[in-house]
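Asks: Quick one, what's the 3D model for this:
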Amino acid sequence: MQHPAYRRRLVPVLALGVVAGLAPGLVAGSASAAPASAASSEGARAAVAVDAERLAPYTRQQLTWKRCAADQPATYQCATLKVPLDYTKPEGKRIDVAISRVRTSVPGKRRGVLTFNPGGPGGAGLDLSLMFAEGLPKNVREQYDMVGFDPRGVGESTPVACGLTDAEQVYPRPTRDAAEHARNSKWAKRVADKCRDKYGKLLPHISTRNTARDMDVMRAALGEKKLNYFGVSYGTALGAVYMQLFPQRADRFVLDSAVDPGRMWRGMFQVWAPETERAFKRWTKWTAARDATYHLGDSPAKVARTFRKLVARADVDPIVIDGQKLDGAEVRDITRAEFFTVRSGAKVVADLKKAAEGRQVRELPGAQEQSMDNMASSQLAVVCSDSSWPRDPETYRRDAIHDAARYPLYGDFASTIAPCAYWDKGAEPATTVDNKVKSLVVQNEWDSQTPLVTGKAMHRALKGSRMVTVSGGEGHGVVFGDSRNACAEKATMGYLVTGKLPVKDLTCKATSGGQRRAGSAETAPSPFGLR
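Replies: Below you'll find the model as predicted:
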């Protein structure tokens, strides 16, 4: 594969009860508990008792805390949590989950712990306790011990790293013909085989459902009756699954930039195709009104034509950027997310136009390479284990060709084959999210990774939620994104402090060129760009 720097990296969706004697105990959301529709209440109670007792060595474990690093504050402490690899066999293999905490400096105001997930899947969160202990408003910090953790398979939590080369961590060209499909299928199978050969017994248990169970073991081991949570992007899926499995244990939950729990996971990538078309239409209108600055056309139709000519030209005569050649597919790939942030999109396309004319331009987005084997491997483990993917490779070729015609900007990319086509199935079915637990969903209108339509779907699935939408808001991540929105921040932090949700869904207005946030939480590159 040529020029991987400009391609998509792999790396960026029950009976409840408390058992007496476990203080606090793990509720019975374990895999062995029978669904309510398939078991009598008496049978369900029996399952709860057995599961809780078998999990007691984990929920009652004593954590050994130590300073995380000599060059970090002494208040930033780390410990290793032991959890079962397979929750149906808790007496079997154990794995590690690395956790951290920074305790509130005002014990009298403390009400519990607040934990985080930064997204991915595959994003490490161990250092988030320190980041948020230093960055959240004082009235939030006073109430919570900040707790971070690396999800199973990630970072310091029994990590998986399949030994993928840089080239294997990058998605190949989209499928347009039989030859490309054959190459892509060969790549997908090679990646899946590599991971299976190294972690065959581990991978089926690296899932969102099991990470949610790990969070509940962590809650119990910390001595907390309930958990407070802030999840971004993929972290919203993790939070929603926790609420589904442990509704009585979920306290104040914030889901920022939400996935659609009904689309996990292939559907979450395919939704980018129609949403990119919508964003492109808005972008052409915005850019046309600024032709004096960007020189891409003084009408939406002319701007669209300029871009399509660049794609067509690149297919015949690749555009050279810093010594690397970009064909039409690569031009479409690197501009997709930029269209959602109109100013950035205009700058990138203007630079491509200059480069096509032989002029020197700045480095384009996504042009940095670094090895991210653990992030790529752990993300694949989750997205392939969480849900069922088509097993017939021809399905992907048909879908890519069909969606390329419907959504020419990105349809072929969104539906092309993935290693999940050759991956062993997860240990259990995906979790259906449908509950009334109170929570707050926060969403930008123009989010390239988790579009507004997916945030609304999460809101519908969480019937006890309220939603804060930033009208005109751009970028992935609202509260800790690149631009500040005082209205959304006030609603979110107010909820964490008081526990009171807005009386009704709230719409905040984006400020033009919103205030840039200093030291905002970084979003690591993610395979499918979910983050």
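
Asks: Select the longest helix from this protein.
Replies: In the chain, assigned by DSSP state H, the helix with the most residues is helix 178-199.

Asks: can you tell me the average pLDDT over that helix?
Replies: Average pLDDT, helix 178-199: 94.

Asks: And it, what does it pack against?
Replies: helix 373-386, helix 393-406 (3 or more CB pairs under 8 Å, 6 or more residues apart in numbering; DSSP states H and E). For the C-beta atoms, the positions are set from N, CA and C on the backbone; glycine is no exception.

Asks: buried ones in that helix?
Replies: 180-181, 184-185, 187-189, 191-192, 194-196, 199 (16 or more other CB atoms under 10 Å).

Asks: helix or strand right after that helix?
Replies: helix 208-221 (DSSP states H and E).

Asks: chain center to that following helix: distance?
Replies: 18 Å (CA atoms, centre = their mean, to the nearest Å).

Asks: Which positions within that helix qualify as buried?
Replies: Buried residues in helix 208-221 (16+ other CB under 10 Å): 208-221.

Asks: if we can go back for a sec, which of the buried residues of helix 178-199 lies closest to residue 85?
Replies: Using CB to CB, residue 199 comes nearest to residue 85 of the buried residues of helix 178-199, at 11.1 Å.

Asks: Next one, pLDDT for the residue nearest to that closest one when sequence neighbours are not counted please.
Replies: Spatially, and ignoring its direct neighbours in sequence, residue 199 is nearest to residue 160 (5.2 Å; CB to CB, 6 or more residues apart in numbering). pLDDT for residue 160: 96.

Asks: again with residue 361
Replies: Residue 361 is given a pLDDT of 77.

Asks: Residue 348 is in contact with that one, correct?
Replies: No. Residue 361 is beyond contact range of residue 348, at 9.4 Å (criterion: CB atoms under 8 Å).

Asks: How is the protein partitioned into domains?
Replies: According to the TED database, the chain comprises the domains 65-160+205-264+432-509, 163-201+266-363+371-429.

Asks: deepest of those domains, which one?
Replies: With neighbours defined as mean count of other CB atoms under 10 Å, the domains of the chain peak in mean count at domain 65-160+205-264+432-509, which reaches a mean of 21.

Asks: Just the terminal-to-terminal distance for it.
Replies: 44 Å (CA to CA, to the nearest Å).

Asks: Mind exporting the C-alpha coordinates of the strand or helix carrying residue 471 to CSV?
Replies: Using DSSP H and E, residue 471 sits within strand 462-474. Extracted in CSV, the C-alpha atoms of strand 462-474 (Å, rounded to 0.1, in the frame of the first residue of the first chain):
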residue,chain,number,x,y,z
LEU,A,462,-31.8,6.0,27.2
LYS,A,463,-35.3,7.0,28.1
GLY,A,464,-34.3,8.7,31.3
SER,A,465,-31.8,11.0,29.6
ARG,A,466,-31.8,14.6,28.7
MET,A,467,-29.9,15.9,25.7
VAL,A,468,-27.9,19.1,25.3
THR,A,469,-27.3,19.9,21.6
VAL,A,470,-24.9,22.6,20.4
SER,A,471,-26.6,24.1,17.4
GLY,A,472,-24.0,24.8,14.8
GLY,A,473,-21.4,23.2,17.0
GLU,A,474,-18.4,21.6,15.2
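
Asks: How far away from the center of its chain is whatever helix or strand comes next after it?
Replies: Per DSSP H and E, the first helix or strand lying C-terminal to strand 462-474 is helix 486-498. Chain-centre distance of helix 486-498: 22 Å, with CA atoms, centre = their mean.

Asks: counting contacts, what elements does helix 486-498 pack onto?
Replies: Using 3+ CB pairs under 8 Å, 6+ apart, helix 486-498 sits against helix 138-141, strand 250-256, strand 435-446, strand 462-474, strand 506-509.

Asks: Is it possible to get the ones you listed out as CSV so that each row also shows mean pLDDT and distance to residue 130?
Replies: Compiled in CSV, the helices and strands packed on helix 486-498 are given as follows (pLDDT from 0 to 100; distance: least, CB to CB, whole Å):
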stretch, mean pLDDT, distance to residue 130
helix 138-141, 93, 12
strand 250-256, 98, 19
strand 435-446, 97, 23
strand 462-474, 97, 27
strand 506-509, 96, 29
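
Asks: nearest to residue 373, of these?
Replies: The nearest among these, by CB to CB, is strand 250-256 at 27.5 Å.

Asks: On the C-terminal side of that closest one, identify the next helix or strand.
Replies: Per DSSP H and E, the first helix or strand lying C-terminal to strand 250-256 is helix 266-270.

Asks: I'd like to know which elements that following helix is packed against.
Replies: helix 411-415.

Asks: List the contacts of the helix it packs on.
Replies: With contact meaning CB atoms under 8 Å, 6 or more residues apart in numbering, helix 411-415 is reached by 8, 171, 174-176, 269-273, 329, 332-333, 336, 396, 399-405, 407.

Asks: Stretch 466-482 spans what distance, first to last residue?
Replies: For stretch 466-482, the first-to-last residue distance is 23 Å (CA to CA).

Asks: from the chain's centre, how far out does that stretch sit?
Replies: That offset, for stretch 466-482, works out to 15 Å (CA atoms, centre = their mean).

Asks: now stretch 324-342
Replies: Using CA atoms, centre = their mean, the offset of stretch 324-342 from its chain centre is 21 Å.
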